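Colleague: After the sequence you'll find the predicted model.
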Amino acid sequence: MTDDSQPADGQPLEIDREAGPESHPETAFPIGRAGRTTLSGATSAPPPARGRRGSRLVTALLSVVLVVVAAIVVVAYLLSPPSATPTQIEFEVLPGWGGSRVAAELADAGLVRSATAFGAYLRLKDLDHSIGEGLYDLTPAMSSRDIASKLVEGGRPRVVNITVPEGWRAANVVERLAANGVSTPDDLAAVVADPAELNVPFLPPGRPLEGFLYPAVYEVPLNASAAEALALMVRRFRQDLDDIDPAARLEELGLSVYDWVTLASMVQAEAASDEEMPIIAGVFANRLELGMLLQSDPTVAYGLGKQLPELSAVAGDLRVDTPWNTYTRAGLPQGPIGNPGREALLAVLSPERYTPDGALYLYFLHGTDAGVPVFRPNTNLPAHNRDVETYLRNDGSRP
């Protein structure tokens, strides 16, 4: 039997595509995977691929954002304070340290969380070559940003405390500075001998710094040069000079600043206590006024390069002439014989020249009375000689 929808000869049915489905209501178009029927009767194309590409792009962008956010969080953590406890730590940056070394040392000290992160922060901010050497007071409660800001300000130098006692000679000061790692003995001695670079206005040309290394306690940077270290002491002298303001009084006494310091160095060397200083200064002032030799043993010892206990009258030391020997030369010695303190300087400005009954003090000695030290000023030679016998030779017992 023949199907009415097929031509009799078995050939495929020709469809008029111009006519549309109305012309052939019996024709069925494929559906499902092959296509679907539209209102126009045409088969639609598969969904476009750009939808899937857009989805992958959004996913990639979200991934990048998440990575960036995660990186920011991690970096912020690594640069955050490693502790909430503000325990102060003294941190030192040594000469020649670069950013990487500083970062590593900070991490070892527990002041930053990560040496790598801190070093990268320094490079990013172009600070790795701006870090100053020296000491810093830092705490683990500081952020990396705060620590970096501190480091570029420069640290304080490492210092050593140097005590210069009253009456010390410049040679003692040089020895102590060098022994504590400040400069070298040769460099220090060279500046003492020729201090022209320090521009000390009251120092006569060609004279050393002896007398102007003011007794005090100093914080001296270990990396200070010889001139810088000694300048601290000269500066302190000038500060006290301004405070004392001796100009008018020195004019009354007929003394220059250099003479004042020279005489004060003798008073400092002779006195056993501050209370004795005004009388000793009075003895010297009276002798200078009368044209008498000062006859001060410490000046002789200084000229011979000896300490006072090493001086020997028996060996003839008092007769050896030097520019400082006040037994062989009239007037003041060539210069200071040590570095006097404030009390000795003030004593020269206000000497005690007279006894209560108005006699001039012209002599003094230090002796003992039954083993107890005594200070004996006198107004005449016979009385002085009796005290020499009693208190120097016989411990207070009269011969």
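Modeller: Received it, and whenever you're ready, just let me know what you need.
Colleague: Show me the strands in the stretch 201-350 of the chain, by range?
Modeller: Remark: strands assigned in the stretch 201-350 of the chain by DSSP state E, counting those that start in this stretch are 217-221.
Colleague: again, but for the stretch 1-150 of the chain
Modeller: Under DSSP E, counting those that start in this stretch, the stretch 1-150 of the chain gives strands at 89-93, 134-138.
Colleague: any chance of the ones you listed in JSON lines, plus mean neighbour count?
Modeller: All C-beta atoms are positioned from the backbone trio N, CA, C, and that covers glycine. Below are the strands of the stretch 1-150 of the chain laid out as JSON lines (neighbours: other CB atoms under 10 Å):
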{"stretch": "strand 89-93", "mean neighbour count": "16"}
{"stretch": "strand 134-138", "mean neighbour count": "17"}
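Colleague: do you know which of those lies nearest residue 359?
Modeller: Residue 359 lies closest to strand 134-138 among the strands of the stretch 1-150 of the chain, at 59.7 Å (CB to CB).
Colleague: Residue 85 against residue 110, yeah?
Modeller: No. With contact defined as CB atoms under 8 Å, residue 85 and residue 110 do not form a contacting pair (10.2 Å).
Colleague: Can you check which residues contact both of those two?
Modeller: residue 140 (CB atoms under 8 Å, 6 or more residues apart in numbering).
Colleague: Just the CA trace of stretch 312-326, in PDB.
Modeller: Extracted as PDB, the C-alpha positions of stretch 312-326 are listed here (Å, rounded to 0.1, in the frame of the first residue of the first chain):
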ATOM      1  CA  SER A 312     112.400  65.100  96.900                       C
ATOM      2  CA  ALA A 313     113.900  68.300  98.400                       C
ATOM      3  CA  VAL A 314     116.800  66.100  99.600                       C
ATOM      4  CA  ALA A 315     117.500  65.000  96.100                       C
ATOM      5  CA  GLY A 316     117.600  68.700  95.000                       C
ATOM      6  CA  ASP A 317     114.400  68.800  93.000                       C
ATOM      7  CA  LEU A 318     113.500  72.200  94.300                       C
ATOM      8  CA  ARG A 319     116.700  73.600  92.800                       C
ATOM      9  CA  VAL A 320     116.100  72.300  89.300                       C
ATOM     10  CA  ASP A 321     115.000  75.300  87.200                       C
ATOM     11  CA  THR A 322     112.100  74.800  84.800                       C
ATOM     12  CA  PRO A 323     109.500  77.400  83.500                       C
ATOM     13  CA  TRP A 324     107.200  76.100  86.300                       C
ATOM     14  CA  ASN A 325     109.600  76.200  89.300                       C
ATOM     15  CA  THR A 326     108.300  78.900  91.600                       C
END
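Colleague: which residues are contacting it?
Modeller: Taking CB under 8 Å, 6+ apart as the rule, stretch 312-326 contacts 293-297, 299-304, 306, 311, 327-329, 332-335, 337.
Colleague: switch to 10 Å and redo it
Modeller: Applying CB atoms under 10 Å, 6 or more residues apart in numbering, the contact partners of stretch 312-326 are 262, 266, 284, 287, 293-306, 310-311, 327-329, 332-337.
Colleague: In helices, which of these appear?
Modeller: Within these, residues falling in helices by DSSP state H are 262, 266, 284, 287, 297, 298, 299, 300, 301, 302, 303, 304.
Colleague: can you name the two of those that are farthest apart?
Modeller: The widest separation within the ones in helices among the contacts of stretch 312-326 (CB to CB) is 21.8 Å, between 287 and 304.
Colleague: more neighbours, these two?
Modeller: residue 287 (21 against 17; other CB atoms under 10 Å).
Colleague: low-confidence ranges in this structure?
Modeller: Within the chain, the stretches with pLDDT under 70 are 1-51, 71.
Colleague: Let's see that with 50 instead.
Modeller: Counting by pLDDT under 50, the chain shows low-confidence ranges at 1-10, 12-29, 31-41.
Colleague: Check it and tell me which residue is nearest its centre.
Modeller: The chain has residue 157 as the residue nearest its centroid, 2.6 Å off, counting by CA atoms, centre = their mean.
Colleague: That residue against residue 93, yeah?
Modeller: No. With contact defined as CB atoms under 10 Å, residue 157 does not reach residue 93; the gap is 11.0 Å.
Colleague: Can you check which residues contact both of those two?
Modeller: Joint contacts of residue 157 and residue 93 (CB under 10 Å, 6+ apart) are 133, 134, 135.
Colleague: give the contact list for the last one.
Modeller: If I follow you right, that is residue 135. By CB under 10 Å, 6+ apart, the neighbours of residue 135 are 90, 91, 92, 93, 155, 156, 157, 158, 159.
Colleague: Which helix in this structure has the most residues?
Modeller: Ranking each helix of the chain by length (DSSP H) puts helix 50-78 first.
Colleague: for it, packing partners?
Modeller: helix 115-124, helix 144-153 (3 or more CB pairs under 10 Å, 6 or more residues apart in numbering; DSSP states H and E).
Colleague: I'd like to know which of the ones you listed lies nearest to residue 235.
Modeller: Nearest to residue 235, of the helices and strands packed on helix 50-78 and by CB to CB, is helix 144-153 at 24.5 Å.
Colleague: So which bits of the closest one are buried?
Modeller: Using 16 or more other CB atoms under 10 Å as the test for burial, helix 144-153 gives 144, 147, 148, 150, 151.
Colleague: per-domain residue ranges of this protein.
Modeller: Per automatic domain parsing, the structural domains of the chain span 89-153, 157-244, 247-361.
Colleague: rewinding a little: please name the bridge partners of the closest residue in space to the residue nearest to the centre of the chain that isn't next to it in sequence.
Modeller: Among residues not flanking residue 157 along the chain, residue 221 sits closest, at 3.7 Å (CB to CB, 6 or more residues apart in numbering). Residues found in beta-bridge contact with residue 221 (criterion: DSSP bridges) are residue 159.
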